[in-house]
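> Need a 3D model of the sequence below.
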Amino acid sequence: MNRRDFTKSGLLAGAALGISGQSVSGQPNKDMSTPFKLNYAPGFRHFKNLAGEDPVDQLRFMHDHGFRAIEDNQMMNRPVGDQVRIGKELERLGMTMGVFVTYGDFKHPTMAGNGMLNERGRVKRDKAGIREMLQKQFTEAVETAKRVNAKWSTVVPGAWDPSLEEGYQTANVIDHLKFCAEIFEKAGLVMVLEPLNHMNHPGLFLTRIPQAYEICKAVDSPACKILNDLYHQQITEGNLIPNIDRAWDEIAYFQVGDNPGRKEPTTGEINYLNVFKHIHSKGYTGIIGMEHGISREGAAGERRLIEAYREVDDFEI
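Modelled structure (predicted):
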């Protein structure tokens, strides 16, 4: 018996026990296949036990359980053939491709300091070299986006430069992002800047939503917006709903994870039922990326993941 047949057999056995969300015919129950009110996007790591390793099988499983979007940080690193195959299946299913990562440097002050660290940990400034690297990376991202019909892509500007005052760093980042925005504007793409918390990712330049808001206003391009990951922002500033409202005109994408633990909603302190209700009430029709782990292991954890999203999506309209 191959893995795919084994997976399907396991699902049918689970259905007989009333725990898989599927009928004995192997098809999803109607309540499980109904699309969610908001457009939650799992990743290819979320349903490997229930759907198998193949990304196309996973897409079909996600669709059968109400999801209408995906995201995949590593899409640019996948073989071109896999990108094309995924893109075709997304189109067939009527699903939307969420973010993949165009650029994210967690060590070097590339954009903020115009440089890379040398062997002594000092910044070697090379603006021309950084610009050439960004040109290459963003051009490759455009080609990837075409294959999977993506609109958004994540950008992390790099590390903080301790040898340069904040104002100069901010100006450098804005300058580079204006250059990158021109590449994406021509292709109809949007880079979304993701502020990351200082606990999981110490030493980065971009950490707060107000900081990202200021930068997006200065870049002043439809191709440069904010990715508001509510897990990170719960740690750095909290006050989630008021900060969503303040930055609303520059937010193009959300990601979530509960805190502490960065697992699915309902496992931590964030009241995602209320947060999602608020986002929906503002008319948001974009993607909410499921950028988190799973609190339980194996197929049971993956089933619980689906149940958790049904719970926090069960708000009154």
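
> What's opposite G104 in the beta bridge?
G104 has the following beta-bridge partners by DSSP bridges: V156.

> Now L164. Nearest residue, chain neighbours left out?
Spatial nearest neighbour of L164, chain neighbours left out: G113 (5.5 Å); criterion: Cβ to Cβ, 6 or more residues apart in numbering. In short, each C-beta sits where N, CA and C put it, glycine included.

> Count residues in the vicinity of that neighbour, would you?
Applying other Cβ atoms under 10 Å, we find 26 residues neighbouring G113.

> Check it and give its pLDDT.
You'll see G113 listed with a pLDDT of 96.

> Kindly report the same for R122.
In this prediction, R122 has a pLDDT value of 86.

> try D31
For D31, the predicted pLDDT is 72.

> L117 now?
88.

> check which helix or strand covers the closest residue to it other than its chain neighbours.
Ranked by Cβ to Cβ, 6+ apart and with sequence neighbours excluded, the top spatial neighbour of L117 is H108, at 5.5 Å. H108 belongs to no helix or strand when assigned by DSSP states H and E.

> Let me see the contact set for H108.
Contacts for H108 (Cβ atoms under 8 Å, 6 or more residues apart in numbering) come out as G115, M116, L117, G158, A159.

> A212: what's it in contact with?
When contacts are counted by Cβ under 8 Å, 6+ apart, A212 touches L193, P195, L206, I226, A247, E250.

> can you do 7 Å?
L193, P195, L206, I226 (Cβ atoms under 7 Å, 6 or more residues apart in numbering).

> Among these, name the ones in strands.
Residues from these lying in strands, with DSSP state E as the criterion: L193, I226.

> Just the closest of the contacts of A212 to G257, please.
P195 (14.1 Å; Cβ to Cβ).

> you'd agree that closest one is up against T207?
Yes - counting by Cβ atoms under 7 Å, P195 touches T207, with 5.2 Å between them.

> With neighbour numbers in mind, choose between the two.
Remark: of P195 and T207, P195 carries more neighbours, 26 against 20, as counted by other Cβ under 10 Å.

> all strands for the stretch 151-300 of the chain, in order.
Along the stretch 151-300 of the chain, counting by DSSP state E, counting those that start in this stretch, strands occupy 152-156, 190-193, 224-229, 251-256, 287-290.

> same for the fourth one, what does it pack against?
Packing partners of strand 251-256 (3 or more Cβ pairs under 7 Å, 6 or more residues apart in numbering; DSSP states H and E): strand 190-193, strand 224-229, helix 230-236, strand 287-290.

> Let me have these in JSON lines, adding distance to L90, mean pLDDT and mean neighbour count as columns.
As requested, those are exported to JSON lines (distance: least, Cβ to Cβ, whole Å; pLDDT from 0 to 100; neighbours: other Cβ atoms under 10 Å):
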{"stretch": "strand 190-193", "distance to L90": "18", "mean pLDDT": "98", "mean neighbour count": "26"}
{"stretch": "strand 224-229", "distance to L90": "20", "mean pLDDT": "98", "mean neighbour count": "26"}
{"stretch": "helix 230-236", "distance to L90": "25", "mean pLDDT": "98", "mean neighbour count": "22"}
{"stretch": "strand 287-290", "distance to L90": "13", "mean pLDDT": "98", "mean neighbour count": "26"}
